[in-house]
Structure formats: structure tokens, C-alpha cells
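**Student:** Structural data only, the sequence is not supplied:
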């Protein structure tokens, strides 16, 4: 093998390895890839803007009085405004998104954050424009009710 | 550069890249590395065998009546037997472990599993011998109480 050919072979081999290596590196949005739960079912268009995928984890019953599930919000997707008669707890497991309580500024929420929304308080939650959001929702004391859906979050409200 | 030197340089460069690449590849137990929450505080020796790290996420109050936290069990670590007056829900977010309800066979639990233990039923949970376990615990209806700790899980019970 000529010296130039050997060099080309080495560079090609290096390029191949580097490409293989890059496939293992974190990308910008791995919220879907790293998911703990199945992607779930698409949330109904009347309650969500964009694609929000719901996986129920704990169904309501009179023993635990608790409803739990996972939602994956695709980038830009968000819930309508809504209330919970006994409040709601959100646990963010991956990605970046927003949570807003009526009358307060929108807050950015990230992996590891825990959010509480008190009973009968209007709020919405969803993904950031560029990165999806994985979040667990926990609805306690379901003997008081689960959710009341309200109006969509407008583009102006989402971007403010 | 001589042909042999060029070859050695190419091999050394390749080895360097491969080493860098391997650091990005999944290893056998990434339960600690992939954690969503901080490692937390070491659980007290009187309630746990081995190292179990607890991160409280939701403190008890009279609005949500719910206690939530994350536990990372190192390989081989487990809780004592214990009961919850209003039951407990476990959500496994990473790794492999065990859950056992008194009088039933030990069950293997993995990432994505959801476990329910009814009120006042004895149970224990922990990691497998070789792989750690990350798990969220949700204790509902805390107006009835939170936890009653009982005896350690013996090596015979753990390995059965």
C-alpha cells in the first residue's frame, strides 16, 4: 500500500468511527428517545394545541384516590387552560417546557422540577417551542374531582 | 514520516477516538448517571439494608395530602418490611429491582413499571444484586398516616 493510500485509509476509518461515535452523543432533543414510558395516545384536540401524548399509569379508584399519568408534549404543544378540584402535582422527567398559573408570569420548567398547582386554580403546561417535555402528572384526592377543561392557550399567551 | 510510523500514528489516533467513544456508550448500570433528581440523603440504617438515597420531592400538607420522593437503591440495597396506612404507589424510572408483598412471591421490577401496595399491607422494595434502582414513591391520603417501619429483610428473604 502506498503511503498516500494508507493515510486515506486511516482517515476513512477514523471518519467511520467518529460517525459511529456521534450517534451515541446526546442530541438537542432526546425527550422522546430517553422516555421511561410508552409514547401513549394522542390527547384530544379540544383540550390540547399541538401533539400531546398521554400514557395513563394509575387509574382512579376509591383506595388511592389518585390519578397518575405521563404526558409527552412535542415542541410547541400545550394543554388548554384547566383547573383541578383538588389540585395537581407535575414532575418533569425530561426536556424543557412552560407552566403558567392564571395571573402569574409563565415559568420555564425542566427535568427534575416539581410543580404544584392548588385546587381550583387555572393553569396550563406544555413544551418549549424547540424542545419537547416529558412530565408525570399526579392528581390527588380525586373524590373531589379530576379536571375541568377551559379555553385554549392562544399563541399570544404562549409566546408572552 | 515512515510508513510504519504513519500506521502507528493512525492506530494510536483510532484508539484515542475509540476510548472517547466508549465513554458515551451505555454501561451495565447507568441508574445513577441517568438520574433525574439529585442523589439525596442516605436513608437511616435502622430502616434500610445497604445504601438507599432519598430525595424528598413533595412534603406532606393538608392541601394535597400526598408525599412524593425519589429513592436510589444501590445494587443489593433494600428497605425494611413496612406498611403504609393509606397504601403506596411506586414508579420505576431506571434500573432493576424487587418488590414483595408479604405472603406473595418476590416480583422483579424495571424501568417503566408501576407498583401499588394496598393500605396496611406489609411490603419491601429495593435493587437487584447487580443493578441499582431509581424509583419514585407516592403516598396518598396522608391524613391516614405515612409509614410504619418493621423488621429488616433478611438475606434469605432477599435471595429467595
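**Tutor:** That came through fine. Predicted, not measured: the structure shown is a model, and the values here were computed from it. Numbering: from 1, shown residues only, chains lettered A, B, ... in the order given.

**Student:** Endpoint to endpoint, stretch A:100-110 covers what distance?
**Tutor:** 14 Å (Cα to Cα, to the nearest Å).

**Student:** Can you give me every residue that contacts the residue nearest the centre of chain A?
**Tutor:** Centroid-nearest residue in chain A, with Cα atoms, centre = their mean: residue A:133, separated by 2.2 Å. Neighbouring residues of residue A:133 by Cβ atoms under 8 Å, 6 or more residues apart in numbering or on different chains: A:31, A:71-73, A:92, A:94-97, A:109, A:125-127. Heads up, the C-betas are built off the backbone N, CA and C, glycines and all.

**Student:** Within reach of chain B, which of the residues you listed are there?
**Tutor:** residue A:94 (Cβ under 8 Å from any Cβ of the partner chain).

**Student:** Now intersect the contacts of residue A:133 with the strands, please.
**Tutor:** Counting by DSSP state E, the contacts of residue A:133 place A:71, A:72, A:73, A:92, A:94, A:95, A:96, A:97, A:109, A:125, A:126, A:127 in strands.

**Student:** all strands for chain A, in order.
**Tutor:** A:41-42, A:48-49, A:52-58, A:67-73, A:78-79, A:82-83, A:88-101, A:107-110, A:114-117, A:123-127, A:133-139, A:148-149.

**Student:** Is any residue of the third one near chain B?
**Tutor:** Yes - contact check for strand A:52-58 against chain B, using Cβ under 8 Å from any Cβ: residues in range are A:57, A:58.

**Student:** In stretch A:133-150, which residues are buried?
**Tutor:** A:133, A:134, A:135, A:136, A:137, A:138, A:139, A:140, A:141, A:142, A:147, A:150 (16 or more other Cβ atoms under 10 Å in any protein chain shown).

**Student:** same question but for stretch A:81-92, I mixed them up
**Tutor:** So for stretch A:81-92, counting by 16+ other Cβ under 10 Å, buried means A:81, A:82, A:83, A:84, A:86, A:87, A:88, A:89, A:90, A:91, A:92.

**Student:** got it, and stretch A:40-53?
**Tutor:** Buried residues in stretch A:40-53 (16+ other Cβ under 10 Å): A:40, A:43, A:47, A:48, A:49, A:50, A:51, A:52, A:53.

**Student:** average pLDDT across that stretch?
**Tutor:** On average, the pLDDT along stretch A:40-53 is 97.

**Student:** and the closest residue in space to residue A:92 that isn't next to it in sequence, how many neighbours does it have?
**Tutor:** Take residue A:92 and drop its neighbours on the chain: the residue closest to it by Cβ to Cβ, 6 or more residues apart in numbering or on different chains is residue A:113, 4.5 Å away. By other Cβ atoms under 10 Å in any protein chain shown, the residues close to residue A:113 number 19.

**Student:** For residue A:160, which residues are in contact?
**Tutor:** Contacts of residue A:160 (Cβ under 8 Å, 6+ apart): residue A:106.

**Student:** if you set the cut-off to 10 Å instead, what comes out?
**Tutor:** Residues near residue A:160 by Cβ atoms under 10 Å, 6 or more residues apart in numbering or on different chains: A:100, A:105, A:106, A:154.

**Student:** still on that earlier bit, make CSV out of the buried residues of stretch A:81-92 and add distance to residue A:158.
**Tutor:** Below are these laid out as CSV (distance: Cβ to Cβ, whole Å):
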residue, distance to residue A:158
A:81, 11
A:82, 15
A:83, 19
A:84, 21
A:86, 27
A:87, 23
A:88, 19
A:89, 23
A:90, 17
A:91, 22
A:92, 18
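
**Student:** in terms of contact, does residue A:96 touch residue A:127 like I think?
**Tutor:** Yes - the criterion here is Cβ atoms under 10 Å, and residue A:96 meets it with residue A:127 at 7.3 Å.

**Student:** higher neighbour count, those two?
**Tutor:** Between residue A:96 and residue A:127, counting by other Cβ under 10 Å, residue A:127 is the more crowded of the two (28 against 20).

**Student:** Quick one: residues contacting that one.
**Tutor:** By Cβ under 10 Å, 6+ apart, the neighbours of residue A:127 are A:29, A:31, A:50-52, A:71-78, A:95-98, A:109, A:133-135.

**Student:** hmm, 7 Å instead?
**Tutor:** A:73, A:74, A:75, A:76, A:77, A:78, A:95, A:97, A:133 (Cβ atoms under 7 Å, 6 or more residues apart in numbering or on different chains).

**Student:** can you tell me which of those lies nearest to chain B?
**Tutor:** For the contacts of residue A:127, the residue nearest chain B by Cβ to the nearest Cβ is residue A:95; the value is 11.1 Å.

**Student:** Having no further points to raise, I will conclude here.
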